[in-house]
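Colleague: I need the structure of the sequence given here:
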Amino acid sequence: LKDDVQLRASIQSPQRGEASGTSTVLEQAPDPERVQRMERQYGAVPPKGSMIRMALYRAGGGKQGNVQAGTLRILKSAVPYVAQVINHQVARDGADAESLDDAVMRVPRLLRTRDRAVTAEDFEALALQSSRRVARVKCPQEATGNGHQGVVKILVVPYVDTAPVDQGLGLQPETLRLSEELQLDVLAFLDERRLLGVQVQLEQPDYVGVSVQLEVGLAPEYTNAQAQEDIERSLIIQLYRFLNPLTGGTDGTGWAFGNPVYASDILSLLQYMPGVRYLGAISLFELRYREGEWQRTPMPNGVVAPGRNGLICSWHDRALRSGHTISIVA
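Modeller: Residues are numbered from 1 along each chain as shown. Down below sits the predicted model:
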């Protein structure tokens, strides 16, 4: 073992030759056959002070394994000679296993596209396959029609951590931006499957925020202040889940592209929540990004329309007053 360790150390960190005049003294190269026999000799002890790197590491756990840097500090089981641990980088790109329902929907798309991008539906199906980090896509029909010959525009919504939604904070549009790395992955995948002469453009949807102000009457038994606060918080979290590109809509798979929000949608969502006796006045406010800033506008008609390629979202920002407000009435 000692000889093998010394040999591996000499391979990884060969000593430099010593020059004297015009001649150079070099060490003899190790026997290649012996080096090959040493490969994958698990249990060998590396030389002291060696820099050890893992080129690839995979583990289960799904999306809950996506954690921020510095959060993994406790060993779940004792490891010999390991005193402490810490993750210096963000753990990302973890995804849950595909559900049976998702597989049932994906297989027909695979059979229809035949791994070739021709129609708008083909581009949507293949863009979803290009990366596990792609959550939703839309290929606007006008992008492949008149006036845009040879150009296919695809709107992409990436997977992001939805924990802030359950914390009553929603998802800020800034977290849904397309990273350069993801764009390169999707474009490279589609480039091998598009027709010659077709140019693919990736864009993010026009995110439109919705802020809800709502009056709620509670059942008579909910007179305790803490109980009222809990109901108020549950209603706010439900609104953030509903008005959301990833978990929103009536089916919980994300708010549909281009679908407006009506005050009646809020009524249908919350009227049967536990503790709610009745819903009072409902006010909607629209948030759009114009001239380099978000602008909040009241919608007296009770409708927020994001536009054909727009997508509804909601988030909490005290300065913008973008969050939802629940008022408990007697």
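
Colleague: pull out the buried residues from stretch 127-137.
Modeller: Going by neighbour count (16 or more other CB atoms under 10 Å), the buried part of stretch 127-137 is 127-131, 133-137. Where C-beta positions appear, they are placed from N, C-alpha and C, glycine not excepted.

Colleague: the lengthiest strand in the chain: how far from the chain's middle?
Modeller: Longest strand in the chain by number of residues (criterion: DSSP state E): strand 276-290. Centroid separation between strand 276-290 and its chain, computed with CA atoms, centre = their mean, to the nearest Å, is 27 Å.

Colleague: what's the answer for stretch 243-250, then?
Modeller: On CA atoms, centre = their mean, the centre of stretch 243-250 falls 14 Å from that of its chain.

Colleague: for that stretch, measure first residue to last.
Modeller: Stretch 243-250 has an end-to-end distance of 10 Å (criterion: CA to CA, to the nearest Å).

Colleague: one more: stretch 313-328?
Modeller: So stretch 313-328: terminal residues 24 Å apart, CA to CA.

Colleague: tell me which residues of that stretch come out buried.
Modeller: Neighbour-count burial for stretch 313-328, counted by 16+ other CB under 10 Å, picks out 313-317, 320, 322-324, 326.

Colleague: for it, give the mean pLDDT please.
Modeller: In this model, stretch 313-328 has a mean pLDDT of 95.

Colleague: just to revisit the earlier point, between the buried residues of stretch 127-137, which is nearest I266?
Modeller: Closest approach between the buried residues of stretch 127-137 and I266, by CB to CB: R136, at 22.7 Å.

Colleague: tell me the SS of the closest one?
Modeller: strand (DSSP: H, G, I helix; E, B strand; the rest coil).

Colleague: now the nearest residue to it once chain neighbours are set aside: which helix or strand?
Modeller: Counting by CB to CB, 6 or more residues apart in numbering, V157 is the residue found nearest to R136 once chain neighbours are left out, at 4.1 Å. In this structure, V157 sits in strand 151-158 according to DSSP states H and E.

Colleague: what strands line up against that strand, and which way round?
Modeller: Strand pairing for strand 151-158, using DSSP bridges, gives strand 134-138 (antiparallel), strand 199-203 (parallel).

Colleague: just the C-alphas of the first one, formatted as PDB.
Modeller: Translated: strand 134-138. Taking Å, rounded to 0.1, in the frame of the first residue of the first chain, the C-alpha atoms of strand 134-138 are listed here in PDB:
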ATOM      1  CA  VAL A 134     -37.600  23.800 -17.600                       C
ATOM      2  CA  ALA A 135     -41.000  23.900 -15.900                       C
ATOM      3  CA  ARG A 136     -43.400  25.300 -18.600                       C
ATOM      4  CA  VAL A 137     -43.200  26.500 -22.200                       C
ATOM      5  CA  LYS A 138     -45.300  28.100 -24.800                       C
END
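
Colleague: where along this structure do the helices fall?
Modeller: 2-12, 32-38, 100-113, 120-130, 163-166, 180-191, 225-242, 263-270 (DSSP state H).
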